[in-house]
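Asks: need coordinates for the following:
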Amino acid sequence: MAIPPEHRPLRINMVELLRQPGAERTSDATIDPVALDCVIAEGQSQPSGLVDVVVRAVAGTDDVEVHCHVSIPWAGECRRCLVPVSGTERVEIVERYLPAGSGHVAGSREDAEVIAVEGDQIDLVPVVRETIMIELPVAPLCSPECAGICPLCGADRNAAPCECSTEVRDDRWAALDQLRLDD
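Replies: The predicted structure is shown next:
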């Protein structure tokens with residue numbers, strides 16, 4: 001199966017790298033999230049541009065440590081006032097990879113964070129895809145002080161305060177309003 005050209009920087013030949021412990025391989029990629037088949041939940045922020053990935057792989061004696069810096073531009077709506085908001089999430093990923101037949105048991109207690117690799121190639125596409133889907137803001141805010149929209153009249157309370165009472169009352173407890181306790 002042919003590797004799409006945009007995915008090539010996210011593939012690392014592990015066998016070649018392990019021949020020289022201490023050797024490094026770096027690559028940069030700019031990838032369309034659509035090409036990674038990212039599935040984003042409805043209502044969640046969406047990727048708003050190309051994702052930048054900087055990869056640095058360092059060979060150990062029997063494993064490869066991979067550092068990825070991922071920059072994800074996103075756009076969405078403020079969860080309180082519904083104005084458009086955008087930003088960029090920056091994430092660092094660090095993973096260790098071992099050849100599947102190396103004798104180490106990936107996921108064992110001493111190698112809890114090690115991923116076994118079948119074949120010669122480390123494929124970073126699933127890791128980058130997962131990072132994009134997890135790191136996009138689920139419910140962004142335009143600012144921490146956002147007052148939102150009035151649930152009664154629909155006024156934007158960031159622009160001007162409204163006079164609506166937003167007190168929530170439960171009529172089942174109304175009789176207790178008349179109760180007066182002696183000190």
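
Asks: next one: Arg79 from Val168, what distance?
Replies: When distances are taken as CB to CB, to the nearest Å, Arg79 and Val168 turn out to be 19 Å apart. Glycine gets a C-beta too; all of them are placed from N, C-alpha and C.

Asks: so for these two, which sits in the more crowded spot?
Replies: For Arg79 versus Val168, the count of surrounding residues by other CB atoms under 10 Å is larger for Arg79: 16 against 6.

Asks: that one - that's part of a strand, no?
Replies: No - under the criterion used here (DSSP: H, G, I helix; E, B strand; the rest coil), Arg79 is coil, not part of a strand.

Asks: need the phi and psi values for it.
Replies: Per-residue torsions, Arg79: phi -70, psi -10 (degrees, to the nearest 10).

Asks: neighbours around Val114, how many?
Replies: A count of nearby residues for Val114, using other CB under 10 Å, gives 19.

Asks: for Glu16, same thing?
Replies: Counted with other CB under 10 Å, residues neighbouring Glu16 total 13.

Asks: same question, Ile122
Replies: Residues contacting Ile122 under the criterion other CB under 10 Å number 22.

Asks: please consider this matter closed, and thank you.
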